[in-house]
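K.L.:
Just a sequence and a predicted model for now, questions to come.
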Amino acid sequence: MTVLTYSGDTKLLRRVFSGFPCGVAALAAVVDGSPQVLVASSFTVGVSQDPPMALFAVQRSSTTWPDLASVERIGVSVLGTTHGQVCRQLASRDKAIRLKGIAYVETETGAVLLEQAAAWMECSVEHIYPAGDHDIIVLRLHGLMEHDHLPLVFHRSEFRNLA
């Protein structure tokens, strides 16, 4: 019989987690007159169809999430293959450069949506659940639009395109 254990080896944990391919989403909104963005590789759709909900996990140490959590609506852009070059910029510690040179649109409610995304969603925070060093954020979808762009995939700590 095989028995699996976890020894606390965080390098092994990150390596194993990185083997699970996932999409990448940018969550963004106008906060106090300035667009703010964070990148989530944990974004999951299909949590609920009635009402429509999605979720993601955010580190409790995030300095961007408290600002985004305070707004009425958050834009979710499922990043497309053209975002591979700018994804690390979007996730930069320097908030001033995150959206520099990146095309986006703002909705009437202040959600920010990136051009050339595979899909757009306009959401509000429905629930927040503690989960270790992260919080799980459940979002209610209020609007969505699909685009003719392939999604960006994050696998083995690299951005990849679907073949």
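P.N.:
Received it, and whenever you're ready, just let me know what you need. Numbering: from 1, shown residues only.
K.L.:
contacts, neighbours, all on C-alpha from now
P.N.:
OK.
K.L.:
Would you map the helices across this protein?
P.N.:
Along the chain, the segments classed as helices by DSSP state H run 10-18, 65-69, 87-90.
K.L.:
Columns mean neighbour count on top of these, output as JSON lines?
P.N.:
Shown next, in JSON lines, are these (neighbours: other Cα atoms under 10 Å):
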{"stretch": "helix 10-18", "mean neighbour count": "12"}
{"stretch": "helix 65-69", "mean neighbour count": "17"}
{"stretch": "helix 87-90", "mean neighbour count": "18"}
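K.L.:
And these: which comes nearest C123?
P.N.:
helix 65-69 (10.9 Å; Cα to Cα).
K.L.:
and Y129, how many neighbours?
P.N.:
11 (other Cα atoms under 10 Å).
K.L.:
who does it bridge with?
P.N.:
Y129 has these beta-bridge partners by DSSP bridges: I136.
K.L.:
OK, contacts around it?
P.N.:
Shown in contact with Y129 (Cα atoms under 8 Å, 6 or more residues apart in numbering): D135, I136, I137.
K.L.:
What's the separation between it and P51?
P.N.:
Relative to P51, Y129 is positioned 18 Å away (Cα to Cα, to the nearest Å).
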